[in-house]
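**Student:** return a 3D structure for these sequence lines:
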Amino acid sequence: MDKPTKRSSSKHASHFARRLERVCIISLVLSMISQVNSFVAMPTYNSILASWGLFTVYSRKSRAVLGLIGFALLSLLLDIIFLSVWSNGDSDVLSRNDASQASTTTRFSVAMMILNMFTKTAVLYFGTHFFAILSFIDGNNIVEIPSPTSASSSSLKSPKSPSSPNVNATKERNQTPISEYKQSDEEKVAPESPPITVPS
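**Tutor:** Numbers count the residues shown, from 1 in each chain. Alright, predicted model coming up:
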């Protein structure tokens, strides 16, 4: 099985980062909408958690994503405790049957909080995958692949071809001593012809 390359791991990290960013934005919007209630103080840690999730997307630090996962689990536990406390006995905010504005906004805020709980489960899902990929990249277990620029520059370099006879002859000629050149030039000079005598 082929080892994942740095390019493929970065591609998967970008995929889960985009998904995590979207669910964090949705969680932030739901957290802000749930704060419209003035009758019951709704939890404000959900908006802080969503903001932290957006920070982890842009920082791409595995430790920040690990903190997001831990705080998301803690916030889900606190949401369950909050809903269980405010839905029992005299503190049941959902048992009011009047049509007052306080009762209506309370039900609306609780509904947004419950929707935000489902959103935070998506944050946990994408955050876990995002953390696994970032931890794998930080572990230096990636097979490095050449960049397009280095590949193109290496392709431009022509391979070493066997030297041709003309090149070898030129090298040998350059390595020939000057005395041999002089000797060869003297051999090429034609011998002097004897003087021609004209009989008187």
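**Student:** and Leu54, what does it touch?
**Tutor:** Shown in contact with Leu54 (C-beta atoms under 8 Å, 6 or more residues apart in numbering): 21, 24-25, 28. To be clear about C-beta, it is placed using only N, CA and C from the backbone, and glycine gets the same treatment.
**Student:** just confirm Ser75 is within a strand.
**Tutor:** No. Under DSSP: H, G, I helix; E, B strand; the rest coil, Ser75 sits outside any strand and is assigned helix.
**Student:** in three-state terms, label the closest residue to it other than its chain neighbours for me.
**Tutor:** Closest residue to Ser75 apart from its sequence neighbours, by C-beta to C-beta, 6 or more residues apart in numbering: Leu49 at 5.4 Å. The three-state label given to Leu49 by three-state DSSP is helix.
**Student:** in this protein, what helix or strand scores lowest on average pLDDT?
**Tutor:** Taking mean pLDDT, DSSP states H and E as the measure, the helix or strand of the chain with the lowest value is helix 148-156, at a mean of 49.
**Student:** the residue nearest to Ser75: neighbour count?
**Tutor:** 23 (other C-beta atoms under 10 Å).
**Student:** what of Glu21?
**Tutor:** For Glu21, using other C-beta under 10 Å, the count is 16.
**Student:** that older thread, the residue nearest to Ser75 and Leu68 touch, don't they?
**Tutor:** Yes. Leu49 is within contact range of Leu68, at 7.5 Å (criterion: C-beta atoms under 8 Å).
**Student:** now do the shared contacts for the two.
**Tutor:** Val123.
**Student:** which of the contacts of Leu54 are buried? Put it as a PyMOL command.
**Tutor:** Restricted to buried positions by 16 or more other C-beta atoms under 10 Å, the PyMOL selection for the contacts of Leu54 reads:
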select buried, resi 21+24+28
